[in-house]
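**Student:** I'd like to go over a predicted model; first the sequence, then the structure.
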Amino acid sequence: MNRISYKYILLFALLIMARNMLSGQNVLPDELTKNSMKEQLKYIEDHTRIYENYRAVREDIFQKINKNILDSLSAKQSRITELENLASDLRAANESQKIILETTTSSLNEMTATKNSISVLGIEVRKNVYNTTMWTIILILVVILAIGFIIFKRNMFVTIRTGKEFNDLKAEFEAYRQSARIAREKLQMDHFNEIKRLKAK
């Protein structure tokens, strides 16, 4: 009788081990390799169960989501750095344009104080022709400055929005990581208690 019981227990243990080995070889779903982060998190939410306020997630799926989130954060950080560099370049260009505009305005004021003819590179130029030329240059510079300012404002807006999205994603990931860690620890504790209970029997 005891031998038969041991055979059944051994057979049951082998079945459990085979099931665990098979489940450990599960293939990652396409949703975790092709979809956006939002869709991946929605997939996890739809395909995992909640037990006593804990969500159980397979380790390979958790690691894949973790890698995807870190890759997304890295890409966002690269984009932020790129936008910050672009904003810095635009600020430098803006300052350069301001200096050019100030220099041009100063030259214009000095030239308009002279008589009808102005000497430019040793050539006498009529004042109205000179004024027309200078105002055209100033207008072009103002247009360039306005375009530069608009681009700078737009890039600043994108930088701020991207930074906010980065912080939101980082907070969301931290919350998810904490909940996943707690769930994994509870699962390990339940497994350990189950082993103790089986050994006690």
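**Tutor:** Sure thing, it's come through.
**Student:** okay, CA-based contacts and neighbour counts for the rest of this
**Tutor:** OK.
**Student:** excluding chain neighbours, what is closest to the residue nearest the centre of the chain?
**Tutor:** What sits nearest the mean C-alpha location of the chain, by Cα atoms, centre = their mean, is Lys76, with 2.3 Å. Ranked by Cα to Cα, 6 or more residues apart in numbering and with sequence neighbours excluded, the top spatial neighbour of Lys76 is Phe166, at 6.7 Å.
**Student:** OK, contacts around the one you found?
**Tutor:** Counting by Cα atoms under 8 Å, 6 or more residues apart in numbering, Phe166 touches Leu73, Lys76, Gln77.
**Student:** ok, now Ala180?
**Tutor:** Applying Cα under 8 Å, 6+ apart, the residues near Ala180 are Arg55, Ala56, Val57, Phe62.
**Student:** run the chain-centre distance for the longest helix along the chain.
**Tutor:** If you go by DSSP state H, the chain has its longest helix at helix 127-200. Its chain's C-alpha centre and that of helix 127-200 lie 5 Å apart, by Cα atoms, centre = their mean, to the nearest Å.
**Student:** might you list the low-confidence residue ranges for this protein?
**Tutor:** The chain contains residues with pLDDT under 70 at 1-8, 10-14, 17-26, 30, 111-123, 125, 201.
**Student:** ok, back up a step: what's the distance between the residue nearest to the centre of the chain and Thr104?
**Tutor:** Relative to Thr104, Lys76 is positioned 41 Å away (Cα to Cα, to the nearest Å).
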